[in-house]
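Quick one, fold the following:
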Amino acid sequence: MITLSSSGFLFFVKEQLWQFFEYTAFGNFTWGHLIMILVGMFFIFLGIKKEYEPLLLIPIGFGIIVGNIPFFPGLKTGIYEQGSVLNILYHGVQNGWYPPLIFLGIGAMTDFSALLSNPKLILIGAAAQFGIFAAYISALLLGFTPAEAGAIGIIGGADGPTAIFISSKLAPELLGAVAVSAYSYMALVPVIQPPIMRLLTTKKERLIRMKPPRAVSKLEKITFPILGILLTCFIVPTGLPLLGMLFFGNLLKESGVTKRLANTASGPIIDICTILIGLTVGASTQATSFLTYKSIGIFALGAASFVIATTTGVLFVKLMNLFLKNKINPLIGNSGVSAVPDSARVSNSVGLEYDKTNYLLMHAMGPNVAGVIGSAVAAGILLSFLY
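The predicted structure is shown next:
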């Protein structure tokens, strides 16, 4: 029988307590963890207090907190440790499973009537994608590889699922920074876009009243997703996972005979994927791998690309008006980015500041849904020569 002296017993207890301390978060704490936890709390604050995209910011913010609870490595706890629960859930992000399912839900929720009633509005959605390629060129000039630049550039489309999908293919190591950046700027649409819109337009332009959109037939609505997938995916087959699911979801909605499937796609499926994608993307921001100069550069380039996308959308409408008899209110130019429907709501709210009876929401939804298609096409183009 082994006995311990009083001094040996105290040493044993000290060793056990120290070993326990090493397994606690306090024993693995860094200032980087604290910074990221505060960022997560800030995201939750914006989601609850300011109601900036709460369905996105609250899961991401809580995920950032979860991902930055310090832990002892090797216990299959962290999101980057093979076999951990978070790592298994994160496979849906890393392998691009969640974004197409979200696009399925978006398609099932989207009414393309505003675009079909005035097809030239698709040009505004296309013009806003200039932000993607401007950010791509800027990232190249700053020393990022072509694949990394492509992943960063897509932030300019203000489309979180597309950003995640293309980053998972081109630059998995930047996935967390790109995803958080994209979703952050999507949430901050009501803050970023209005000053740009006011700066680039005159009071006279803001008061332009557009003709009411024409009624769109059911046949047009059913035909659109079929023609849409054929036209877009024959040009960029690499966009098929996103565009195919988007148009399929829309056909489920517009066919009128698959209501249950459309409701499932636009309800439970998109909600579950939003929860999982938000939580795991947030958790991927572990301070030990996230707080780098590259991450800071990505956020800066993302902000620049979003500003450029908004600017080009508004300026392109002003250019179109030089050739149009029935003028388009340039305030809807911001909605060419694919933050649906928030950028369209911003168009409407800024317009109402200058004319309480001039409702631009339905008009803005045209370029807004065109922006969804445009960002997916742009992603397909980047994948086609970078993947």
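
can you pull the contacts of the residue nearest the centre of the chain?
Centroid-nearest residue in the chain, with Cα atoms, centre = their mean: Gly160, separated by 1.6 Å. By Cβ atoms under 8 Å, 6 or more residues apart in numbering, Gly160 lies in contact with Leu56, Ala179, Ala182, Tyr183, Met186, Ile277. C-beta coordinates here come from the backbone N, C-alpha and C atoms, glycine included.

And for Leu382?
Ile132, Tyr136, Gly150, Gly153, Ile154, Ile166, Leu170.

From start to finish, how long is stretch 354-363 in a straight line?
17 Å (Cα to Cα, to the nearest Å).

For that stretch, what is the distance to the chain centroid?
Distance, stretch centre to chain centre, for stretch 354-363: 26 Å (Cα atoms, centre = their mean, to the nearest Å).

can you start the count at 741 instead of 1 from here on
Will do, 741 is the new start, and the previous item becomes stretch 1094-1103.

Could you check it and say which residues are buried?
Asn1098, Leu1100, Leu1101, Met1102, His1103 (16 or more other Cβ atoms under 10 Å).

Return the per-residue confidence for Thr1028.
If you check Thr1028, the pLDDT there is 78.

What ranges in this structure fall below the confidence cut-off?
741-746, 749, 752, 898 (pLDDT under 70).

and the longest helix seen in it, what does it pack onto?
Longest helix in the chain, counting residues (DSSP state H): helix 1033-1061. If contacts are counted by 3 or more Cβ pairs under 8 Å, 6 or more residues apart in numbering; DSSP states H and E, helix 1033-1061 sits against helix 862-868, helix 870-881, helix 886-893, helix 915-927, helix 929-940.

possible to save the ones you listed as JSON lines with distance to Leu778 and mean neighbour count?
Shown next, in JSON lines, are those (distance: least, Cβ to Cβ, whole Å; neighbours: other Cβ atoms under 10 Å):
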{"stretch": "helix 862-868", "distance to Leu778": "33", "mean neighbour count": "24"}
{"stretch": "helix 870-881", "distance to Leu778": "27", "mean neighbour count": "21"}
{"stretch": "helix 886-893", "distance to Leu778": "25", "mean neighbour count": "26"}
{"stretch": "helix 915-927", "distance to Leu778": "14", "mean neighbour count": "26"}
{"stretch": "helix 929-940", "distance to Leu778": "19", "mean neighbour count": "18"}
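
Out of the ones you listed, flag the one nearest Leu1064.
Nearest to Leu1064 among those is helix 862-868; the distance by Cβ to Cβ comes to 11.2 Å.
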